[in-house]
Structure formats: C-alpha cells, structure tokens
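**Q** this one's structure only:
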C-alpha cells in the first residue's frame with residue numbers, strides 16, 4: 001500500500017490531505033486514531049523500502065474537534 005492510495009486522508013478546507021512535509025518533519029492527517037496507526041505503518045514500510053530512517057517512537061498525536069478528549 002502506498003500513501004497515495006491508502007484512503008486514510010482527511011478533508012481540510014474542501015481539499016483532501018494525508019501528509020504534509022517540511023524539511024525533515026512530517027505531519028500526518030487522518031480522520032480516526034486507528035487510521036493514523038495504519039498511516040504510521042505505511043511510513044515504516046516506505047522507509048524500509050527506500051532505505052530511509054523513520055522513527056515513529058518520536059511521534060506525537062494531537063486530536064482536535066468535538067471528540068478531542070475521548071480516550
């Protein structure tokens with residue numbers, strides 16, 4: 001599965017986004033926490049296939065919206 005066809009993106013201002021990149025920072029956007037976990041797995045697989053380092057243990061999640069405090 002690649003990041004373009006994963007289907008785990010979310011809609012922001014009438015556009016669909018899944019991943020924003022700036023320098024060595026990556027911002028993953030998804031509609032659910034479980035989709036975010038799958039997106040992290042996709043990034044791990046891509047890093048291995050591309051001989052890159054990806055450290056998802058340094059990842060931080062931020063939840064926004066009506067359900068921001070739901071565990």
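**A** Done, it's in. Nothing here was measured: the structure is a model prediction, and the numbers come from that model.
**Q** lowest-pLDDT helix or strand in the protein?
**A** strand 10-12 (a mean of 71; mean pLDDT, DSSP states H and E).
**Q** Any stretches of this protein with poor pLDDT?
**A** 1-9, 11, 71 (pLDDT under 70).
**Q** just so I have it, where are all the strands in it?
**A** Remark: strands assigned in the chain by DSSP state E are 10-12, 15-17, 19-22, 25-28.
**Q** Now distance to residue 67 too, for these, in CSV please.
**A** Every residue, glycine included, has its C-beta placed from N, CA and C. Shown next, in CSV, are these (distance: least, C-beta to C-beta, whole Å):
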stretch, distance to residue 67
strand 10-12, 14
strand 15-17, 19
strand 19-22, 22
strand 25-28, 18
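**Q** okay if I get these as TSV plus mean neighbour count and distance to residue 46?
**A** Listed next are these as TSV, based on neighbours: other C-beta atoms under 10 Å; distance: least, C-beta to C-beta, whole Å:
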stretch	mean neighbour count	distance to residue 46
strand 10-12	12	19
strand 15-17	11	17
strand 19-22	11	10
strand 25-28	13	11
